[in-house]
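Chemist: Okay, sequence plus prediction incoming.
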Amino acid sequence: SSDLAGGPSSGTFVACSGFVLAQMRLLTHNLLQCNKKGVKNGFPLIIQAAAMKYEESPYDKDFTNAMIPKLQYDALLKALSEIRTCPKFEGLPGSLPELPPALPDNAADNEDFLKKLHVVLFDLHMVEGKLVCPESGREFPVQDSIPNMLLNDDEV
């Protein structure tokens, strides 16, 4: 059971090309923001990962390409930087991929970039930790790879 709307108890997950977005991947992080009352700049959330895992998924060039226009690339780079400090990273074969400081002009045709982007978006999972609002400092827990973004009554 979960307190998170759309979590295990409700049975509703958003699936795209076989990827469940309810898990705490960096793609998920790139779509989340703090909606606490009074917060004007709740994106991107700061990642404080206590445990991460690498779980390889099938590379899909078209699907990875389709995610590029939906991404806040600077926020993705910041998230990648934040998870590098995680003390526990299970199953990572080597080091985390390095992404270029700016989205390449030829991103759609750059196979090397797309493969690295795929790993960053879909294969890196935050298992335990917190997402922190950059403005208010409000902490949202992540447990068993599921972010709980529910606000208290006085925060809505």
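Modeler: Okay, I see it.
Chemist: Which neighbouring elements make contact with the top helix by length along the chain?
Modeler: Longest helix in the chain, counting residues (DSSP state H): helix 73-83. Here helix 73-83 touches helix 26-29, strand 46-54, going by 3 or more Cβ pairs under 8 Å, 6 or more residues apart in numbering; DSSP states H and E. Glycine gets a C-beta too; all of them are placed from N, C-alpha and C.
Chemist: deepest of these, which one?
Modeler: Counting by mean count of other Cβ atoms under 10 Å, helix 26-29 has the highest mean neighbour count of the helices and strands packed on helix 73-83, with a mean of 24.
Chemist: That one: how far from the chain's middle?
Modeler: 2 Å (Cα atoms, centre = their mean, to the nearest Å).
Chemist: residues making contact with it?
Modeler: 19, 21-22, 44-45, 47, 67, 75-76, 79-80, 83, 120-122, 124, 126, 131, 147 (Cβ atoms under 8 Å, 6 or more residues apart in numbering).
Chemist: related to what we said a few turns ago, now the helices and strands packed on helix 73-83 as TSV including distance to K115?
Modeler: Shown next, in TSV, are those (distance: least, Cβ to Cβ, whole Å):
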stretch	distance to K115
helix 26-29	15
strand 46-54	14
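Chemist: Please identify which of the ones you listed is closest to V39.
Modeler: strand 46-54 (13.3 Å; Cβ to Cβ).
Chemist: I'd like the average pLDDT over that closest one.
Modeler: Averaged across strand 46-54, the pLDDT comes to 97.
Chemist: Stretch 130-145 too?
Modeler: Per-residue scores along stretch 130-145 average to 96.
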